[in-house]
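Colleague: Predicted structure and sequence below. I'll ask about it afterward.
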Amino acid sequence: ELAFLCSTCLTKLSALCFYRRLDPPCPKGLRRIIYFFLILTVSLTAAFILAQILICHPTATYWAIPSPSTMTRVQRNCASQQAIYPLQGATSTISTLYSIMIPVLVLRNIPMARNQRIGLRLISLLGLVVLGAGIARTVFLTRLAQSPTGDATWNGFNVFVWSQVECQLSLVCASIP
């Protein structure tokens, strides 16, 4: 989860910085919006990384498994993931949405040939597939957090698949322009 958070954050920052570099036709107000979303993306990612690290006290007990030979229970105090996972998924999906909308706003004012404009808009719209993957991941994250069995291997499979689709496709979309 931590690697996913860092990867998607850096991909979104890369895309936002790319559109910030198209400075001359980019109005000052739009640049401020881009800076705001850059700061928001980093802040949200840092908050969720901290939440993930500090969810259990002591921290190491998050990964501790009872020993089958001694059958001792691991003493830990963990916060509920039922709120954290859906919130993290929803904010990631919202940040994907604004990462898609910013290019649309930037591209409308750049003078270029009609075919180029259409091509760049189509590439930007590919981000909607990333958005769909983010929504699917959020749904499966919520199911995982609310799973009565707690079987992360079984319930986590769809989270893993949609996380990979979202992460890899966002890299492709950010690299194409």
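Modeller: Now that the structure is in, tell me what you want to look at. Numbers count the residues shown, from 1 in each chain.

Colleague: Can you give me the buried ones in stretch 84-101?
Modeller: If you call a residue buried by 16 or more other CB atoms under 10 Å, then stretch 84-101 has these buried ones: 84-89, 91-93, 95-100. Using the backbone N, CA and C atoms, a C-beta is placed for each residue, glycine as well.

Colleague: what comes into contact with stretch 168-176?
Modeller: Residues from elsewhere that reach stretch 168-176 (CB atoms under 8 Å, 6 or more residues apart in numbering): 7-8, 11-12, 14-15, 18, 96, 123, 126-127, 129-130, 133.

Colleague: Could you export the residues you listed as CSV, including pLDDT?
Modeller: Shown next, in CSV, are the contacts of stretch 168-176 (pLDDT from 0 to 100):
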residue, pLDDT
Ser7, 90
Thr8, 90
Thr11, 89
Lys12, 89
Ser14, 86
Ala15, 84
Phe18, 80
Thr96, 90
Ile123, 78
Leu126, 84
Gly127, 84
Val129, 89
Val130, 90
Ala133, 92
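
Colleague: which of the residues you listed are buried?
Modeller: Among these, the ones that count as buried by 16+ other CB under 10 Å are Ser7, Thr8, Thr11, Lys12, Ala15, Thr96, Ile123, Leu126, Gly127, Val130, Ala133.

Colleague: ok, the residue nearest to Ser147 when sequence neighbours are not counted - contacts?
Modeller: Leaving aside its chain neighbours, Ser147 sits nearest to Asn155 (4.6 Å; criterion: CB to CB, 6 or more residues apart in numbering). For Asn155, the contact set (CB under 8 Å, 6+ apart) comprises Phe140, Arg143, Leu144, Ser147, Thr149.
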